[in-house]
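Novice: Just the structure for this:
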Amino acid sequence: MVLQEIAARALNAFPDDAAPAYLLRDRDQLYGLAFQRRVKDMRILEVLTAAQSPRQNPFAEQLIGSSRQECLAHVLVLHEPHLRRILTCYFAYYHGTRAHLSLEKDAPHGRPLERLALGRVVQLPEVGSLHHRDARQAA
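Specialist: Next comes the predicted model:
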């Protein structure tokens, strides 16, 4: 991939003023001067991982590992749009439904508690039926 293309993708990834305040990245040569200038122009502060420390960002490593083990290892990807669709569904499930032990078995975006009066518990498919979530449904 051409270095200018990587810089352009950084700009196109965030519409309008939706860019994050920080960008945590490693010291890969792909992030050259053009990329660094583009990120600086977007008023994003770059935070570099320590040299020769590939496991320094455990949050990204956990998400990548989970998406590989829980999703991509069970799906035959046909093409890039298909991959994007699968990952979009998986990340919605990961952040909105999937239990995380570090969050006391809640999801990062939180889940509302459902009252017993709402009815019996049913399983609803997620990520093309690869996963499911439990929800109460009126009888």
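
Novice: CA atoms for contacts and neighbours, from now on please.
Specialist: Noted.

Novice: give me the element the residue nearest the centre of the chain is part of.
Specialist: For the chain, the residue nearest the mean C-alpha position is Phe91 (5.2 Å; CA atoms, centre = their mean). Per DSSP states H and E, Phe91 falls inside helix 80-96.

Novice: tell me which strands and helices that helix is in contact with?
Specialist: Applying 3 or more CA pairs under 8 Å, 6 or more residues apart in numbering; DSSP states H and E, one finds that helix 80-96 contacts strand 120-126.

Novice: So, low pLDDT: which residues of this structure?
Specialist: 1-4, 6-7, 10-11, 15-16, 54, 139 (pLDDT under 70).

Novice: For it, just list every one of the strands.
Specialist: Using DSSP state E, the strands of the chain run over 22-25, 45-48, 120-126, 131-137.

Novice: okay, the ones you listed in CSV with mean neighbour count and distance to Arg85 next?
Specialist: Output for those, formatted as CSV (neighbours: other CA atoms under 10 Å; distance: least, CA to CA, whole Å):
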stretch, mean neighbour count, distance to Arg85
strand 22-25, 12, 24
strand 45-48, 13, 29
strand 120-126, 13, 13
strand 131-137, 15, 15
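
Novice: okay if I get these as TSV plus distance to Ala60?
Specialist: Shown next, in TSV, are these (distance: least, CA to CA, whole Å):
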stretch	distance to Ala60
strand 22-25	10
strand 45-48	14
strand 120-126	22
strand 131-137	21
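
Novice: on that earlier part again, contacts for the helix holding Phe91?
Specialist: Contact with helix 80-96 is made by Ser67, Cys71, Val77, Ala107, Pro108, His109, Gly110, Arg111, Glu126, Val127, as judged by CA atoms under 8 Å, 6 or more residues apart in numbering.

Novice: State the distance from the fifth one to Leu30.
Specialist: If I follow you right, that is Pro108. Using CA to CA, to the nearest Å, we find Pro108 at a distance of 31 Å from Leu30.

Novice: again, but for Gln62
Specialist: Distance, Gln62 to Leu30, by CA to CA: 23 Å.

Novice: of the two, who's got more company?
Specialist: Of the pair Gln62 and Leu30, Leu30 is the one with more neighbours under other CA atoms under 10 Å, namely 15 against 11.
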